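In: please work out how this folds:
(2 chains)
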Amino acid sequence: MPSRRRTLLKVIILGDSGVGKTSLMNQYVNKKFSNQYKATIGADFLTKEVQFEDRLFTLQIWDTAGQERFQSLGVAFYRGADCCVLVYDVNSAKSFEDLNNWREEFLIQASPSDPENFPFVVIGNKIDVDGGSSRVVSEKKARAWCASKGNIPYYETSAKVGTNVEDAFLCITTNAMKSGEEEEMYLPDTIDVGTSNPQRSTGCEC
Amino acid sequence: MDEEYEVIVLGTGLKECILSGLLSVDGLKVLHMDRNDYYGGESTSLNLNQLWKKFRGEEKAPAHLGSSRDYNVDMMPKFMMANGKLVRVLIHTDVTKYLSFKAVDGSYVFVQGKVQKVPATPMEALKSPLMGIFEKRRAGKFFSYVQEYDEKDPKTHDGMDLRRVTTKDLIAKFGLKEDTIDFIGHAVALHCNDNHLHQPAYDTVMRMKLYAESLARFQGGSPYIYPLYGLGELPQAFARLSAVYGGTYMLNKPECKVEFDEEGKVSGVTSEGETAKCKKVVCDPSYLTNKVRKIGRVARAIAIMSHPIPNTNDSQSVQVILPQKQLGRKSDMYVFCCSYSHNVAPKGKFIAFVSTDAETDNPQTELQPGIDLLGPVDELFFDIYDRYEPVNEPTLDNCFISTSYDATTHFDTTVVDVLNMYKLITGKELDLSVDLNAASAAEEE
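Out: Numbering: from 1, shown residues only, chains lettered A, B, ... in the order given. Just a heads-up that it's a prediction; the model follows:
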């Protein structure tokens, strides 16, 4: 039986409230977009089966569920991530400036064994807004920041119309796979608590 | 903040996080705050640096102990009964999807100066030195009676109304010896004192059934399970449930001050100069100290070791029960140990805890019999704290305060408090036999 570690890949999506993290996930997994913005409600994690070369992976994409709004993500959210996606809104200078904090917060909380080489992917979302005329963060500036942080791959997307979403997640998947294989975490045998029907004992046990 | 909520929850202890999750799923607008910058409150798990800061007043732990993040040291060590109430809450809410569990290797009991395994299989029971051969036969009959007992089926009662017959009288019918009675009461029914002997036998019988069912559930060598990365995962998992259903989270909020109107009803919570309005407040005792009273103290030792607890067959995770009578105390003492096999320490390291209700003015000394069982210890910490229960009338002030965590071996008392609070807050009884996830899936069809 293949190790669970190598077939399940955990991806977390970080960034300020309102940059479109949940929409990106939904566009990628469900091909859906909702214009109604609400601070994230109901988003949890989504899974998608992806085939790469001859192998099948389960990508488990974790949303922040709104807990990032007041900097209240717990260490459990970060644990075991194979790739970290940093999302900002190209129409919001603050969301771009906060990427640095998000990256550093990730490195503190997740404590990856090889922080210099941990795979990040940066996404600049909402390139469709006002046909691009509201844009305040140039592509050049974003690419320079990514280069300065260890050549982080960079994609510009529109979750609304689906621009570049597939490409971004292909890169995310590839990087998560590399990370998942290199890391040799000790993972003890776990039990499935989710089954609702306990096995009835048939004999005296003591 | 500066908003209006139906419920504001203060403190992210396990009880508060379960309630926050349940209330958010019910559709209430919930704000959840904590003065700390981590989840869990008094039921958190600390990394090594946090442990050092709390107990040694230093920012950094010694380098030879390994990476700080590899440690998840529980501040409220308990195991979960595999078929217990907390597991049912986890299944009810589908919070199991955020967690991984592993069986606990063994359960042991301290008898006549020795650590003995509590049998987990009929074979172990036959070989166990805890009872002689004839006593085993008598005990076997008693266990069969308990196994068969069904409150709704009078044929299984053998003419006894367990709601009225005491535990002592029930056991007397089977002719069991004092030592056996002690073993059953403390290592199987998990009572922490002997008061149960004079109470109706129903509770003890149900506890014994829970033990047997939990043992059978995963057949892992003990009736207990325990989450990878420690118990601090549990509050975080329920907090995520709350957030997914719209709960708002604010960690690192100092001085959460509960505000009241002229009638004495809660009206909001102020922190850092901003006030959020609400109809109800749910909190742990530390947020409303004038509405609680002290009900006892818990004494606990926390040890970092480089070996399993001696005489436990090299168990990576284990519990040892020291019954009160064996120690000449009023309450039992509990020793827990977990390790890298549950991802709570680096490879080769073990975390052990000794817990009991404090009975004297010298609680550290009281813990010595448990500490003596540990063998050589790399580092030792003591945590002595008061327990509180609420004395307010929630119908008058709309404040719902949890009771402090006790020194018992598992979580059933914790969940009972949560369920009682839930009923007070919402007026509804929680039906744990319903799997919420399955129910909502059915609704969507």
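
In: any idea of the mean pLDDT for the helix or strand residue B:300 falls within?
Out: Using DSSP states H and E, residue B:300 sits within strand B:292-305. Averaged over strand B:292-305, pLDDT sits at 94.

In: okay, buried residues for it please.
Out: When neighbours are counted by 16 or more other CB atoms under 10 Å in any protein chain shown, the buried residues of strand B:292-305 are found to be B:292, B:297, B:298, B:299, B:300, B:301, B:302, B:303, B:304, B:305. Any C-beta I mention is one placed from the backbone N, CA and C, and that applies to glycine too.

In: can you tell if whatever helix or strand comes next after that strand touches chain A?
Out: Read in the C-terminal direction, the helix or strand following strand B:292-305 is strand B:318-322, with elements assigned using DSSP H and E. No - applying CB under 8 Å from any CB of the partner chain, one finds strand B:318-322 separated from chain A by no less than 13.4 Å.

In: what packs against strand B:318-322?
Out: Secondary-structure packing of strand B:318-322 (3 or more CB pairs under 8 Å, 6 or more residues apart in numbering or on different chains; DSSP states H and E): strand B:106-111, strand B:333-339, helix B:368-372.

In: what pairs with the strand holding residue B:300, parallel or antiparallel?
Out: Note on strand B:292-305: by DSSP bridges, its sheet partners are strand B:350-357 (antiparallel), strand B:379-390 (antiparallel).

In: quick check: buried residues in the last one?
Out: For strand B:379-390, the neighbour count (16+ other CB under 10 Å) marks B:379, B:380, B:381, B:383, B:385, B:387, B:388, B:390 as buried.

In: could I have that strand exported to PDB, CA atoms only?
Out: Listed next in PDB are the C-alpha coordinates belonging to strand B:379-390 (Å, rounded to 0.1, in the frame of the first residue of the first chain):
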ATOM      1  CA  GLU B 379      13.000  17.900  32.900                       C
ATOM      2  CA  LEU B 380      10.300  18.200  35.400                       C
ATOM      3  CA  PHE B 381       7.600  21.000  35.800                       C
ATOM      4  CA  PHE B 382       4.800  21.400  38.300                       C
ATOM      5  CA  ASP B 383       1.500  23.000  37.500                       C
ATOM      6  CA  ILE B 384      -0.800  23.500  40.500                       C
ATOM      7  CA  TYR B 385      -4.100  25.300  39.700                       C
ATOM      8  CA  ASP B 386      -7.500  26.100  41.200                       C
ATOM      9  CA  ARG B 387     -10.700  24.800  39.800                       C
ATOM     10  CA  TYR B 388     -13.800  27.000  39.600                       C
ATOM     11  CA  GLU B 389     -17.500  26.600  38.900                       C
ATOM     12  CA  PRO B 390     -20.100  29.300  38.100                       C
END
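
In: which residues are contacting the helix or strand following it?
Out: Sequence order places helix B:394-397 as the next helix or strand after strand B:379-390, per DSSP H and E. Outside of helix B:394-397, the residues within contact range by CB atoms under 8 Å, 6 or more residues apart in numbering or on different chains are B:260, B:264, B:265, B:266, B:291, B:400, B:424, B:425.

In: let's go with 7 Å and repeat that
Out: Applying CB atoms under 7 Å, 6 or more residues apart in numbering or on different chains, the external contacts of helix B:394-397 come out as B:260, B:264, B:265, B:266, B:400, B:424.

In: distance of the third one from residue B:393?
Out: Same thing as residue B:265. When distance is defined by CB to CB, to the nearest Å, residue B:265 is 11 Å away from residue B:393.

In: do the same with residue A:81
Out: Counting by CB to CB, the gap from residue A:81 to residue B:393 is 47 Å.

In: more crowded one of the two?
Out: Between residue A:81 and residue B:393, residue A:81 has the larger neighbour count (other CB atoms under 10 Å in any protein chain shown), namely 23 against 11.

In: which residues does the more buried one contact?
Out: Neighbour list for residue A:81: A:10, A:11, A:12, A:110 [criterion: CB under 7 Å, 6+ apart].

In: what strands line up against the helix or strand containing the second one, and which way round?
Out: Read it as residue A:11. When elements are assigned from DSSP H and E, residue A:11 belongs to strand A:8-14. Strand A:8-14 has these partner strands in its sheet, going by DSSP bridges: strand A:55-62 (parallel), strand A:83-89 (parallel).

In: comparing these, which yields the minimum mean pLDDT?
Out: Mean pLDDT across the strands paired with strand A:8-14 is lowest at strand A:55-62; the value there is a mean of 86.

In: which member of the buried residues of strand B:379-390 is positioned nearest residue B:178?
Out: When the buried residues of strand B:379-390 are compared for distance to residue B:178 (CB to CB), residue B:387 comes out closest, at 30.8 Å.

In: burial count for the nearest residue to residue B:340 once chain neighbours are set aside?
Out: Among residues not flanking residue B:340 along the chain, residue B:347 sits closest, at 4.7 Å (CB to CB, 6 or more residues apart in numbering or on different chains). Using other CB under 10 Å, the number of residues around residue B:347 comes to 10.

In: my read is that residue B:347 contacts residue B:341, right?
Out: No - counting by CB atoms under 7 Å, residue B:347 sits too far from residue B:341 to count as a contact (9.3 Å).

In: residues in contact with the closest residue to residue B:309 other than its chain neighbours?
Out: Using CB to CB, 6+ apart and skipping residues adjacent in sequence, the residue nearest residue B:309 is residue B:337, 5.0 Å away. Listed by CB under 7 Å, 6+ apart, the contact partners of residue B:337 are B:308, B:309, B:317, B:318, B:350, B:351, B:352.

In: circling back: pLDDT value on the residue nearest to residue B:340, please?
Out: Note on residue B:347: pLDDT of 85.

In: what of residue A:43?
Out: Looking at residue A:43, its pLDDT is 76.

In: what's the answer for residue A:199, then?
Out: Residue-level confidence at residue A:199 comes out at 42, pLDDT.

In: please apply the same query to residue A:206.
Out: Confidence per residue is given as pLDDT, and for residue A:206 that number is 41.

In: what's the mean pLDDT across stretch A:166-174?
Out: Confidence for stretch A:166-174, expressed as mean pLDDT, is 92.

In: gap between the residue nearest to residue A:171 when sequence neighbours are not counted and residue B:102?
Out: Setting aside the residues directly before and after it, residue A:171 is nearest to residue A:153 in space (CB to CB, 6+ apart), at 5.1 Å. When distances are taken as CB to CB, residue A:153 and residue B:102 turn out to be 36 Å apart.

In: for those two, indicate the residue with more neighbours.
Out: In this comparison of residue A:153 against residue B:102, neighbours counted by other CB under 10 Å, the higher total goes to residue B:102 at 21 against 16.

In: tell me which element the more buried one is part of?
Out: Counting by DSSP H and E, the secondary-structure element that holds residue B:102 is strand B:101-103.

In: average model confidence for that strand?
Out: Computed over strand B:101-103, the average pLDDT equals 92.

In: tally of neighbours for residue 146?
Out: Unless you meant another one, I'm taking chain A. Residue A:146 sits with 19 neighbouring residues when counted by other CB under 10 Å.

In: wrong one, I was asking about chain B
Out: Residue B:146 has 24 neighbours, counted by other CB under 10 Å.

In: and it, which of the three is it?
Out: Secondary structure for residue B:146, judged by DSSP: H, G, I helix; E, B strand; the rest coil, is helix.

In: no further questions, thank you.
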